[in-house]
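>>> Got a predicted structure plus its sequence, pasted below:
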Amino acid sequence: MKGVRVAEPVVRSPDAFAALYDEHFPSIYNYVASRLGRDVADDVAADTFVIALRKHGGYDPERGAVRPWLFGIATRLVAQHRRQETRRYRALAKVGREEITDSHENRVINWVRAEGLQPRLATALAALPRGQRDVLLLSAVSELSHEEIAQALGISYGTVGSRLSRARKKVRSALGEDNDE
C-alpha cells in the first residue's frame, strides 16, 4: 500500500485500515519520537491514526498519497507539544555521552554526539521557526519528498524549498559549516 492513494471506502475497511496502520505507524512513531521523545511518541503516533480514522472523509486522494496526509496530522499534533519539543532539544544540547537504543534516529544522534555536534545541533533546531523545523525534520528524519512535505503541511512546493534552504543554512551556520554539502 506504500505510496498508494487510498480511497475513502478502503479507509473504512477495518482490514485496509489495519494494513495502513501496520505500514505507516513505525515511520510516524520514529518521526514523533525524534521530535518529542519516546515517552510521548506512542500516544502521539496512535493519536495520529485515531484522527485519521475519524477524519478519513477529509482525506482527498486527488491531493496525493496517504503517507504525507498522515505526516501532516502528526506534525500538527507535534505542534501542540511544541514547548516539549523545544525543551527536548535544549536537554539534548546539555546531555553527555550515553548509550541509547539502536534505532535509525538514535544512530544519527550517536553519530552527532561522536562528532561533538549534538549541543550545537539541538540548539540550532530549537532556534528554528516552527515552519522551518517542521520542513527540515520531515525531510531529514522521515525522508519525505518536497511534494509530500507540501501536502503534509498544506504549503506550496516552493515554500518547502525555501524553508528547507533557510533551515539548512541556519543549522550549517550553527554548526560552523560554511559549505553547501
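Good, I have the coordinates.
>>> Residue 142 reaches residue 32, doesn't it?
No. In this structure residue 142 lies outside contact range of residue 32 using C-beta atoms under 8 Å: 9.8 Å. Where you see a C-beta, it was placed from the backbone N, CA and C, and this is true even at glycine.
>>> Tell me which of these two has more neighbours.
Taking other C-beta atoms under 10 Å, residue 142 and residue 32 do not tie; residue 32 has more neighbours (29 against 23).
>>> what about that one, which helix or strand?
Element membership of residue 32, judged by DSSP states H and E, is helix 14-36.
>>> which helices and strands does that helix pack with?
Counting contacts by 3 or more C-beta pairs under 8 Å, 6 or more residues apart in numbering; DSSP states H and E, helix 14-36 packs against helix 8-12, helix 38-54, helix 66-80, helix 82-94, helix 104-114, helix 130-140.
>>> Output the second one in CSV, but only the C-alpha positions, please.
Just to be clear, that refers to helix 38-54. Provided in CSV are the C-alpha atoms of helix 38-54 (Å, rounded to 0.1, in the frame of the first residue of the first chain):
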residue,chain,number,x,y,z
ARG,A,38,9.9,8.3,23.1
ASP,A,39,7.9,9.0,26.3
VAL,A,40,5.1,10.6,24.3
ALA,A,41,5.7,9.1,20.8
ASP,A,42,3.4,6.1,21.3
ASP,A,43,0.5,8.3,22.3
VAL,A,44,1.0,11.0,19.6
ALA,A,45,1.6,8.4,16.9
ALA,A,46,-1.6,6.5,18.0
ASP,A,47,-3.5,9.8,18.1
THR,A,48,-2.4,10.4,14.5
PHE,A,49,-4.2,7.2,13.4
VAL,A,50,-7.2,7.9,15.6
ILE,A,51,-7.6,11.3,13.9
ALA,A,52,-7.0,9.7,10.5
LEU,A,53,-9.8,7.2,11.1
ARG,A,54,-12.1,9.8,12.5
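>>> Tell me the buried residues in it?
Residues of helix 38-54 classed as buried: 38, 40, 41, 44, 45, 47, 48, 49, 51, 52 (neighbour count, 16 or more other C-beta atoms under 10 Å).
>>> How far off centre is the strand or helix carrying residue 124?
Residue 124 belongs to helix 118-127 when elements are defined using DSSP H and E. Helix 118-127 has its C-alpha centroid displaced from the chain centroid by 16 Å (C-alpha atoms, centre = their mean, to the nearest Å).
>>> by how many degrees do it and helix 82-94 diverge?
Between the axis of helix 118-127 and that of helix 82-94 there is an angle of 160 degrees, by axes from the mean of the first three to the mean of the last three C-alpha atoms, to 10 degrees.
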